[in-house]
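Enquirer: how would this look folded up:
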Amino acid sequence: MSAVDASPVTSGTILRFLRVTLHVGFAGLLAVGVLRLLIQPEGRNGRYFFIALSVLLAVVYLVGTVAEKRFSTGALERNPRRFAVVWLALITLIWAVLMLGSVDFSWLVFPLFFLHLHLLPRWVGPGMVVLMTVGVILAQWMSTGASAPPLPVIVGPLFGAAFAVVTSKAYLLLYQEGEVQRRAADELRRTRAELAATQHESGVLAERARLAREIHDTLAQGFSSIILVSRAALRSLNSGDVESSKESLDMIEATAAENLAEARNFVRGLSAPALAEASLVESLSRLCTKTQREAAARGGSLRCSFRLDGEPVDLPQPYKVTLLRAAQASLANVWLHAKAGSAVVSLAFLGSEVTLDVFDDGRGFEPEKLADTVAERADGSGFGLQSLHERVLAQHGTLAIESAPGEGTVVAIRLPLGMGTNAGQGEIA
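Expert: Next up is the predicted model:
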């Protein structure tokens with residue numbers, strides 16, 4: 001495996017390596033001291049006592065390190081750190097007794113340096129290092145029998161103590177960096193979780209908005225048409241006009257069938273059924289014919305026509321759905337609110353954009369007051385223009401509404417044509 005593929009070395013990895021090295025070093029130096037005792041002459045006083053004491057030191061040291069390890073991994077609930085000073089004092093005392101029995105145990109002072117610097121308060125640790133260094137120098141001097149301590153007896157422990165202090169400081173800096181990295185990783189995980197929750201919530205809200213648009217522009221308008229046509233059929237029955245009643249019932253059946261097809265496609269997440277069976281131009285032309293028939297079935301007189309300008313090009317499916325829904329919503333507003341006598345749906349291909357304009361000669365309104373009027377409706381209606389605006393905006397288009405009281409209304413939609421559209425591939429079958 002190359003260096004690029006290798007896992008990065010973190011401060012946590014370095015700290016674990018240093019801890020393992022410390023424990024291995026302690027075990028190795030203790031084993032050297034025991035071995036030196038075993039090769040001493042058989043009649044040496046206290047030989048087996050110091051061997052037993054060495055075993056006790058190993059057991060006490062192992063109990064403390066295992067307890068700390070189990071707590072760090074979560075296997076131990078109670079933190080053994082509160083007993084750390086007692087544990088350190090015990091192993092230091094045992095070590096001091098062993099050093100009195102054999103100077104070979106004096107080398108255990110080096111791993112003990114790190115333990116004192118790590119576990120004791122800020123200035124107590126270095127103070128204990130100084131005391132233990134002096135003790136080691138004295139023990140080794142006494143073992144030489146010289147009148148003055150030899151230079152190696154002084155330099156060795158002093159160098160080891162200085163090295164331990166510097167290494168302990170480096171260990172502390174690595175530990176602090178590891179804590180910073182751990183907190184940063186925790187914060188990153190929390191941020192990712194919050195971002196995922198936010199994205200999920202945004203997705204839910206976007207899906208709700210999409211569902212609201214689809215329901216309003218398909219099922220709600222279809223049900224509204226069924227209600228109005230059924231009322232017209234009832235009036236025709238009451239007046240004895242059987243022919244008009246039959247036409248109204250045929251219209252109700254056709255509208256219900258269309259709504260059923262919309263609902264099934266809606267559940268499957270497909271586009272409008274009208275676009276699956278015909279081109280956009282044909283679908284808009286049929287929509288105008290259907291709107292005029294529905295107006296007649298309700299006893300109204302609305303002339304609705306379709307006009308095509310320019311050479312049709314192959315539009316993306318989202319464009320087709322947006323333009324068809326826009327025409328449906330606009331014509332629904334015409335026969336519901338405008339009281340118009342005529343309406344024109346105009347689809348134009350202008351090279352760089354496709355436009356859809358819906359004209360009517362109805363009573364008109366004041367666009368700047370539309371939001372207040374819609375907000376006052378207790379039945380929750382009035383969602384059509386908002387839905388239309390969201391649809392057009394999603395396709396990076398523009399929506400403009402021009403109207404005035406008594407002067408009719410124009411709904412104008414502009415969608416940009418990008419490189420994805422192919423001129424010459426007509427919509428007309």
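Enquirer: And Pro312, how far from Leu100?
Expert: To Leu100, Pro312 is 104 Å away according to Cβ to Cβ, to the nearest Å. Placement of C-beta: from N, CA and C, glycine included.
Enquirer: swap in Val165?
Expert: From Val165 across to Leu100, the span is 25 Å (Cβ to Cβ).
Enquirer: So Pro312 and Leu100 - more neighbours on which side?
Expert: Neighbour comparison, Pro312 and Leu100: the larger count goes to Pro312, with 20 against 15 (by other Cβ atoms under 10 Å).
Enquirer: Do a quick rundown of the helices in the stretch 251-400 of the chain.
Expert: Ranges of helices in the stretch 251-400 of the chain, per DSSP state H, counting those that start in this stretch, are 273-277, 280-297, 317-333, 370-375, 384-394.
Enquirer: JSON lines please, covering these and showing mean neighbour count.
Expert: Listed next are these as JSON lines, based on neighbours: other Cβ atoms under 10 Å:
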{"stretch": "helix 273-277", "mean neighbour count": "16"}
{"stretch": "helix 280-297", "mean neighbour count": "20"}
{"stretch": "helix 317-333", "mean neighbour count": "22"}
{"stretch": "helix 370-375", "mean neighbour count": "12"}
{"stretch": "helix 384-394", "mean neighbour count": "18"}
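Enquirer: These: which one's closest to Leu356?
Expert: Of all the helices of the stretch 251-400 of the chain, helix 317-333 sits nearest to Leu356, with 5.0 Å by Cβ to Cβ.
Enquirer: Name all residues that make contact with Leu100.
Expert: Applying Cβ atoms under 8 Å, 6 or more residues apart in numbering, we find Leu100 in contact with Ala139.
Enquirer: Distance of Ser305 relative to Thr291?
Expert: Separation of Ser305 from Thr291 (Cβ to Cβ): 10 Å.
Enquirer: Kindly point out which residues are neighbours of both of those two.
Expert: Shared contacts of Ser305 and Thr291, defined by Cβ under 8 Å, 6+ apart, are found at Ala343.
Enquirer: so Glu68 makes contact with Arg82?
Expert: No - using Cβ atoms under 8 Å, Glu68 makes no contact with Arg82, being 11.8 Å away.
Enquirer: Tell me which of those two has more neighbours.
Expert: In this view Glu68 and Arg82 are compared by other Cβ under 10 Å, and Glu68 has more residues nearby, 17 against 8.
Enquirer: Mind telling me what element that one is part of?
Expert: Assigned by DSSP states H and E, Glu68 belongs to helix 47-72.
Enquirer: And that helix, what does it pack against?
Expert: helix 11-38, helix 84-101 (3 or more Cβ pairs under 8 Å, 6 or more residues apart in numbering; DSSP states H and E).
Enquirer: Mean pLDDT lowest where, among the ones you listed?
Expert: Sorting those by mean pLDDT places helix 11-38 lowest, at a mean of 80.
Enquirer: which regions of the stretch 101-250 of the chain lie under the pLDDT threshold?
Expert: Scanning the stretch 101-250 of the chain with the threshold set as pLDDT under 70 gives 207, 210, 213-214, 216-217.
Enquirer: Kindly report the same for the stretch 301-429 of the chain.
Expert: Counting by pLDDT under 70, the stretch 301-429 of the chain has low-confidence residues at 370-384, 419-429.
Enquirer: what about the closest residue to Leu237 other than its chain neighbours, neighbour count?
Expert: Closest residue in space to Leu237, ignoring its immediate chain neighbours: Ser245 at 4.9 Å, by Cβ to Cβ, 6 or more residues apart in numbering. Neighbourhood size, Ser245 [other Cβ under 10 Å]: 19.
Enquirer: what comes up buried for the strand or helix carrying Ser245?
Expert: Take DSSP H and E as the rule and Ser245 turns out to sit in helix 242-268. Judged by neighbour count using 16 or more other Cβ atoms under 10 Å, the buried positions of helix 242-268 are 244-245, 247-249, 251-252, 254-255, 258-259, 261-262, 265-266.
Enquirer: go on, stretch 96-115?
Expert: Neighbour-count burial for stretch 96-115, counted by 16+ other Cβ under 10 Å, picks out 96, 98-99, 101-115.
Enquirer: Now find how far off-centre it is within its chain.
Expert: 55 Å (Cα atoms, centre = their mean, to the nearest Å).
Enquirer: next one: stretch 116-124
Expert: For stretch 116-124, the distance from its own C-alpha centre to the chain's C-alpha centre is 43 Å (Cα atoms, centre = their mean).
Enquirer: what do you get for stretch 188-207?
Expert: With Cα atoms, centre = their mean, you get 5 Å for stretch 188-207.
Enquirer: One more: stretch 18-34?
Expert: 47 Å.
Enquirer: Over to stretch 70-82?
Expert: On the basis of Cα atoms, centre = their mean, stretch 70-82 is displaced by 33 Å from the centre of the chain it belongs to.
Enquirer: and what of stretch 342-361?
Expert: On Cα atoms, centre = their mean, the centre of stretch 342-361 falls 42 Å from that of its chain.
Enquirer: Need the distance between the two termini of it.
Expert: End-to-end distance of stretch 342-361: 6 Å, with Cα to Cα, to the nearest Å as the criterion.
Enquirer: Going by neighbour count, which residues of that stretch are buried?
Expert: For stretch 342-361, by 16+ other Cβ under 10 Å, it's 342-347, 349, 354-361.
Enquirer: Please identify which of those is nearest to Gln181.
Expert: Val354 (54.7 Å).
Enquirer: Does that closest one touch Tyr319 like I think?
Expert: Yes - in this structure, Val354 is within contact of Tyr319 by Cβ under 8 Å, at 6.9 Å.
Enquirer: list residues touching both of these two?
Expert: Overlap of the contact sets of Val354 and Tyr319 (by Cβ under 8 Å, 6+ apart) consists of Leu415.
Enquirer: Which stretches in the stretch 51-200 of the chain count as helices?
Expert: In the stretch 51-200 of the chain, the helices defined using DSSP H, counting those that start in this stretch lie at 84-101, 109-119, 124-144, 151-214.
Enquirer: among these, which is the most enclosed?
Expert: Highest mean neighbour count of those: helix 109-119, a mean of 21 (counted as mean count of other Cβ atoms under 10 Å).
Enquirer: tell me what that one is packed against?
Expert: helix 11-38, helix 84-101, helix 124-144, helix 151-214.
Enquirer: Now stretch 227-239: buried residues?
Expert: The neighbour-count check on stretch 227-239 (16+ other Cβ under 10 Å) flags Leu228, Val229, Ser230, Ala232, Ala233, Ser236 as buried.
Enquirer: Now do the contacts for Val32.
Expert: Residues counted as contacts of Val32 (Cβ under 8 Å, 6+ apart) are Asp104, Trp107.
Enquirer: Would you mind measuring from it to Lys369?
Expert: 96 Å.
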